[in-house]
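> take a look and give me a structure for this.
(chains A, B, C and D)
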Amino acid sequence: MNAYSADEMMTVAAARALEGHRTCFVGIGLPSLAANLARATTTPDIVLVYESGTIGSKPPHPPLSIGDGVLADTADAVVSSAEMFNYWLQPGRIDVGFLSAAQLDRHANINTTVIGDYRRPKVRLPGAGGAPEIAASCGATIIVVRHSRRVFVDRLDFLTSVGHGDGPGSRELLGLRGAGPTMVITDLGVLEPDPATMALVLTRVHPGVEPERVREATGWPLEVSDRIATTPEPTAAELAALRRLAS
Amino acid sequence: MNAYSADEMMTVAAARALEGHRTCFVGIGLPSLAANLARATTTPDIVLVYESGTIGSKPPHPPLSIGDGVLADTADAVVSSAEMFNYWLQPGRIDVGFLSAAQLDRHANINTTVIGDYRRPKVRLPGAGGAPEIAASCGATIIVVRHSRRVFVDRLDFLTSVGHGDGPGSRELLGLRGAGPTMVITDLGVLEPDPATMALVLTRVHPGVEPERVREATGWPLEVSDRIATTPEPTAAELAALRRLAS
Amino acid sequence: MAVTATLEEAVRAGVRDGDSIAMEGFTHLIPHAAAHEVIRQGRRELTLIRMTPDLIYDQLIGAGCAAKLVFSWGGNPGVGSLHRLRDAVEHDWPAPLSIEEHSHAGMVNRYVAGASGLPFAVLRGYAGTDLAKVTDSIAPVVCPFTGERLTAVSALNPDVTVIHAQRADREGNVQLWGILGAQKEAVLAAQRAIVTVEEIVDELDPRPGAILLPHWVIDWVCEVPGGAAPSYAAGYTDRDNDFYRDWDAVSRDRERFGEWITANVKERS
Amino acid sequence: MAVTATLEEAVRAGVRDGDSIAMEGFTHLIPHAAAHEVIRQGRRELTLIRMTPDLIYDQLIGAGCAAKLVFSWGGNPGVGSLHRLRDAVEHDWPAPLSIEEHSHAGMVNRYVAGASGLPFAVLRGYAGTDLAKVTDSIAPVVCPFTGERLTAVSALNPDVTVIHAQRADREGNVQLWGILGAQKEAVLAAQRAIVTVEEIVDELDPRPGAILLPHWVIDWVCEVPGGAAPSYAAGYTDRDNDFYRDWDAVSRDRERFGEWITANVKERS
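Purely as a prediction, here's the structure:
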């Protein structure tokens, strides 16, 4: 057994979730690390498309910023921001997109705009960036975020990016083409939408985590799947690759 | 005095008309020759923008096709067709555009689509190409065409590209931003719109051409300016440059 | 995901009777070899889409492959008319040809909309012209901010797009440079894409002015040196201007055209 | 028509109090030196337009140059918050800052519309989000062909756009490569354009991946080596990641920020 942190477990779980996908739209931060971990382990051929306009980037280390030169230098193609959003993201060409959240509700809708009132916010967050259209247009999205009641809230202060809206049929009604969030991966476990309600259900816990602890870290009465599973621990190879990338 | 053809006079007059302009949108055929003659004589710094997507082309010889490799090889920039029409032509960035016509009416509206009925044409012409938007968006347009009653008609069979529409105020009403045709240069002379009626008036004849001959070659009662002038003959330098280019 | 194939295989798999097909290339990189394969395989009832129909569609139309033409400028550049196109429109020979006609700006924006996953594009265009009267895929649209009236054109999403490019690598990434035309948009707008290339190489070293279409938006890559002739591939082949001039006489006459197709297309592969 | 100028001259001629100004560059080629000149010249009441406000606008906002911010993502990439931006929005310090907020796709399409001479652009975006409720430059638009409801965003046409690029020639043609961002659209959408470059050269030899902005769409070209620091210019300078990390602490504190601006901007030129 390997010693590893909860964040490492989260990143490894996110990387594993890319298996079987061909193309991944990458924003900054932990998603970039997970996407590059997938490339270094289970899914070497995955095409990474960065919001900054690089297609097929193969960075030796995940960069601090999604606009780092290494992404352009190692890309198959570099395109303008206009082309990236209009020709590549919007038509639904990209299989899967990673997103994070400052607040997340039970239908996996995301707030990254403000905490508090929009006109007089308690905390002004960075805002939308590419997230609304990633959430709308990718074949599926995977949300990666640390679990806490501050994040997993009963009601968003602002809806920046649509997950499953008000529940079943919402995405179709809004004309959103991708399947939306298929998985929320946290440092405690994995949540997936119940097909009947499109509300998030705890389907997996990471090793050593009790479902009750996840419920306590969630701001609404979180349902736990009857068939809840435990995430396999990170393998030695996964941890070694992750630490090489993160160093 | 130099011997020259009516076509040569027409091309020289067209080249001279570019003086003082900074950028010229070029289609195929005679306009390309005139634009390159201007670059070789009076207006060496004029920037030629070709419909095929080349900006600042400096071809040693006008090419047969506007898509010839020499246009790309000698260009400052090559852009996609989408960019050419949307970013460069449409906003009115280009000072002057050259156009030709299969039919032309008194308000300098152009037909290049069909002779006869649209659904069952007597002659199917090439169609619009870039002309409607050149006519709409360039700061001004110059029409270069051989003079005959077949071309200068009382009524177009089809309106492909708008000149001055129905007369004064037409372009404003249609939301067309450029000034429209400021000059029609033929092998017989030069016609310009009367500011009061926006109908074409014969303002210049080429050397040796009587106004009556131009009227006879025009399918409507062509007005002749009180102050009609005669085009200065091609200079030896102009002819030499033209023949070098056309050879 | 691109697979390497012979042109015969790619056209057989990718082009079906009744398809809408875009073969793009603005004078440069026109996929003539692929068009000849379409003629050889006897495809029928195609909707041919192309900004500049050019000799390539004159041949497909004359050979009886087309039911409809969607275009913006149908001439032999610098030479004159497309006689097979004219014969079809003026005399229904060899078959009636319906026409959907735009300006270049309209056509290219239809590809842009198609490539962008939008049902329409907006432009300043067509105002005051007769084009809007005869073409259903042109409609007015009002700016929700200024109230200004502009023009919408509907998206083009061909069943299949065929282009010619300079090079591909073994994964199927395609690189092309020189005059770019609407190839990128036509490929991204299509359901399927066939690319013929001058050569397949181990590595696509970067080239000034080049664009790259990644392997995962292309279905078939075929190595067809000279596949653009009589058009050209910058850096590989030159434009055969004489062929364009001579085509005028060949294409004027139905019989002479038929002989040319038999000798140069049907009896070759 | 581009003229060569010092940065001081160009900013004095090109940037006025109350202007809307776009300084673009997606992480790469951010025109920091020009922003510092704007601070030195004491410009006020600017409407700052930028997809990613980043440190460059954190500094302009903290220095009191801005009345309004038009943007889509306001963070310190990979580090955290923009504390001067937050202080202005949360506490009106040093002055109230009004906000016009979009997604990246919306912002870039606003530039595209501006560069294309259109009053608006169409995208699939904002459906179901609260952004459309708080931002006036977002409105619904219906496809005239399919009846589908899409989103329109109004065009951006800044009074002045400022960018940094690798090179210009003596005529003022500007060449840039690497991550391209929205610089071309921002320049073409603007009334006036200022470009700082790493160097002015006799000839711009072609470079893979490079775009060129011709001299006749640019007003002032200024040779400012290192003008993007702490951002970078591919092929010339590297990104100063430490500066970005350290900025978090500098910018958290009003006094420390003021000292930094005095020492590094106001007392330098």
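
> list the contacts for the residue of chain C found nearest chain A?
Taking C-beta to the nearest C-beta, chain A has its nearest neighbour within chain C at C:Gly117, 3.0 Å off. Glycine gets a C-beta too; all of them are placed from N, C-alpha and C. By C-beta atoms under 8 Å, 6 or more residues apart in numbering or on different chains, C:Gly117 lies in contact with A:Gln90, A:Pro91, A:Gly92, A:Ser137, A:Arg177, D:Arg124.

> out of these, which one has the lowest pLDDT?
Of all those, A:Arg177 carries the smallest pLDDT score, 91.

> pick out the residue nearest the middle of chain A.
In chain A, the residue lying closest to the centroid (C-alpha atoms, centre = their mean) is A:Ile143, at 2.7 Å.

> my understanding was that it contacts A:Ile185; is that so?
Yes: the pair A:Ile143 / A:Ile185 is scored as a contact, 7.1 Å apart, by C-beta atoms under 8 Å.

> and the nearest residue to C:Val11 once chain neighbours are set aside, how close does it get to D:Val70?
For C:Val11, ignoring the flanking residues on the chain, the nearest one in space by C-beta to C-beta, 6 or more residues apart in numbering or on different chains is C:Glu37 at 4.4 Å. Remark: distance between C:Glu37 and D:Val70 (C-beta to C-beta, to the nearest Å) = 52 Å.

> comparing these two, which residue is more hemmed in?
Per other C-beta atoms under 10 Å in any protein chain shown, whichever of C:Glu37 and D:Val70 has more neighbours is C:Glu37, with 27 against 23.

> what's the pLDDT at the more buried one?
Model confidence at C:Glu37, expressed as pLDDT, equals 98.

> that older thread, assumed the residue nearest to C:Val11 was part of a helix.
Yes: assigned with DSSP: H, G, I helix; E, B strand; the rest coil, C:Glu37 falls within a helix.

> for the chain, what spans make up the helices?
Looking at chain A here, since you left the chain open. For chain A, the helices defined by DSSP state H cover A:6-16, A:30-40, A:69-73, A:81-83, A:131-137, A:170-174, A:211-216, A:236-246.

> hm, I was asking about chain C
Using DSSP H, helices in chain C cover C:7-14, C:32-40, C:54-62, C:83-91, C:104-115, C:131-134, C:183-189, C:241-252, C:254-261.

> endpoint to endpoint, stretch A:159-168 covers what distance?
With C-alpha to C-alpha, to the nearest Å as the measure, stretch A:159-168 spans 17 Å from end to end.

> does that stretch reach chain D?
Yes: with C-beta under 8 Å from any C-beta of the partner chain as the criterion, chain D is reached by stretch A:159-168 at A:Leu159, A:Thr160, A:Ser161, A:Val162, A:Gly165.

> need the residues that contact that stretch.
For stretch A:159-168, the external contacting residues (C-beta under 8 Å, 6+ apart) are A:99, A:104-105, A:107-113, A:127-128, A:131-132, A:134-136, A:141, A:143, A:170-171, A:173-174, A:176, A:180-181, A:193, A:196-199, D:127-131.

> how about a cut-off of 6 Å?
Stretch A:159-168 is contacted from outside by A:107-113, A:128, A:131-132, A:135, A:170, A:180-181, A:193, A:197-198, D:128-130, using C-beta atoms under 6 Å, 6 or more residues apart in numbering or on different chains.

> taking chain C, what residue is nearest to chain B?
Relative to chain B, the nearest point of chain C is C:Thr27 (2.2 Å; C-beta to the nearest C-beta).

> confidence score at that residue?
Note for C:Thr27: predicted pLDDT of 94.

> ok, now A:Ile28?
So A:Ile28 comes in at 68 (pLDDT).

> tell me, how many residues neighbour C:Thr262?
Around C:Thr262 there are 12 residues (other C-beta under 10 Å).

> tell me who's in contact with it.
Neighbour list for C:Thr262: empty [criterion: C-beta under 6 Å, 6+ apart].

> in chain A, what helix or strand scores lowest on average pLDDT?
The weakest-scoring helix or strand in chain A, judged by mean pLDDT, DSSP states H and E, is helix A:30-40 (a mean of 89).

> distance between that helix and the chain's centre?
Relative to the centre of its chain, helix A:30-40 is centred 11 Å away, using C-alpha atoms, centre = their mean, to the nearest Å.

> which residues are contacting that helix?
Against helix A:30-40 from outside (C-beta under 6 Å, 6+ apart): A:11, A:14-15, A:18, A:24, A:26, A:46, A:48, A:62, A:98, A:144, A:241-242, A:245.

> and the angle from it to helix A:236-246?
For helix A:30-40 against helix A:236-246, the angle by axes from the mean of the first three to the mean of the last three C-alpha atoms, to 10 degrees is 130 degrees.

> so which bits of helix A:30-40 are buried?
By neighbour count on 16 or more other C-beta atoms under 10 Å in any protein chain shown, the buried set for helix A:30-40 is A:Leu30, A:Pro31, A:Ser32, A:Leu33, A:Ala34, A:Ala35, A:Asn36, A:Leu37, A:Ala38, A:Arg39, A:Ala40.

> residues of stretch C:165-184 that come out buried?
Quick answer for stretch C:165-184 (16+ other C-beta under 10 Å): C:165-169, C:171-184.
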